[in-house]
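# Okay, predicted coordinates and the sequence, questions at the end:
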Amino acid sequence: MAERGRKPKLEAVRRKSTRANQERFKVIDNLGGVDMQIVDGDNPKPPMHTIGPLRAPERMTTEAKKKWRELSMKLQRSGLLTELDEDAFYMYCMSYSLMLDAENHVKEDGPLQYTQAGWSQTSSWETVRRECLKTCLDIARDFGMTPVARLKLSLIGGNKKKSKLKEVQDMGS
């Protein structure tokens with residue numbers, strides 16, 4: 001179920017609110033006006049509790065383990081996956097595996113099924129596939145695996161040697 005109300009904005013990106021904040025967090029845009037305040041120190045870095053590579057839980061399916069191996073080290077290297085995130089990453093991998101299974105069933109049976117009265121309705125597997133897609137996308141956003149999430153990570157990172165955005169982009173190569 002979706003959260004109620006607007007999605008919260010990052011604390012790192014704020015609109016000017018008072019004259020005092022305007023002086024404290026001033027960023028001038030190309031036209032010379034104050035547009036957004038980018039704050040670097042508000043969001044502390046998550047602690048790096050991981051000593052070695054995280055192992056995939058034994059109860060995972062084969063497809064989920066493949067996804068775990070594919071992404072876990074990349075996310076760990078960029079600081080986006082620690083021992084504390086293991087359960088959320090497990091849910092992502094399992095949802096991905098279930099989505100692949102549902103896609104195979106939809107390919108075999110089609111996205112529609114017909115009732116005894118002859119009416120068409122959405123297949124149960126199509127419904128499962130859609131829900132898993134939503135779940136995977138929600139969790140992927142949390143781990144910075146979408147373009148917008150990576151952009152937000154680079155805003156939090158500020159002017160460091162190598163931004164989180166650059167690190168996540170380098171993971172693919």
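Done, it's in.

# mind checking which helix or strand Met99 is in?
Assessed by DSSP states H and E, Met99 sits inside helix 86-109.

# Show me what whatever helix or strand comes next after that helix is packed up against.
The helix or strand immediately downstream of helix 86-109 is strand 112-114, counting by DSSP H and E. Contact analysis of strand 112-114 by 3 or more C-beta pairs under 8 Å, 6 or more residues apart in numbering; DSSP states H and E lists strand 120-122 as its packing neighbours. For every residue, glycine as well, the C-beta is placed using N, CA and C.

# Now do the contacts for Leu75.
Leu75 sits next to Leu81, Phe89, Phe143, Gly144, Met145, Met171 when contact means C-beta atoms under 8 Å, 6 or more residues apart in numbering.

# tell me the domain boundaries of this structure?
81-142, 147-173 (automatic domain parsing).

# what's the model's confidence in the last one, averaged?
Within the predicted structure, the mean pLDDT of domain 147-173 is 65.

# just the first one next, same as before
Per-residue confidence for domain 81-142 averages out to 93 on the pLDDT scale.

# that older thread, just put the domains of the chain in JSON lines and tack on distance to Arg59.
JSON lines is the format used below for those (distance: least, C-beta to C-beta, whole Å):
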{"stretch": "domain 81-142", "distance to Arg59": "9"}
{"stretch": "domain 147-173", "distance to Arg59": "26"}
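
# any chance of the ones you listed in a markdown table, plus distance to Lys65 and mean neighbour count?
Formatted as a markdown table, these follow (distance: least, C-beta to C-beta, whole Å; neighbours: other C-beta atoms under 10 Å):
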| stretch | distance to Lys65 | mean neighbour count |
| --- | --- | --- |
| domain 81-142 | 8 | 15 |
| domain 147-173 | 19 | 15 |
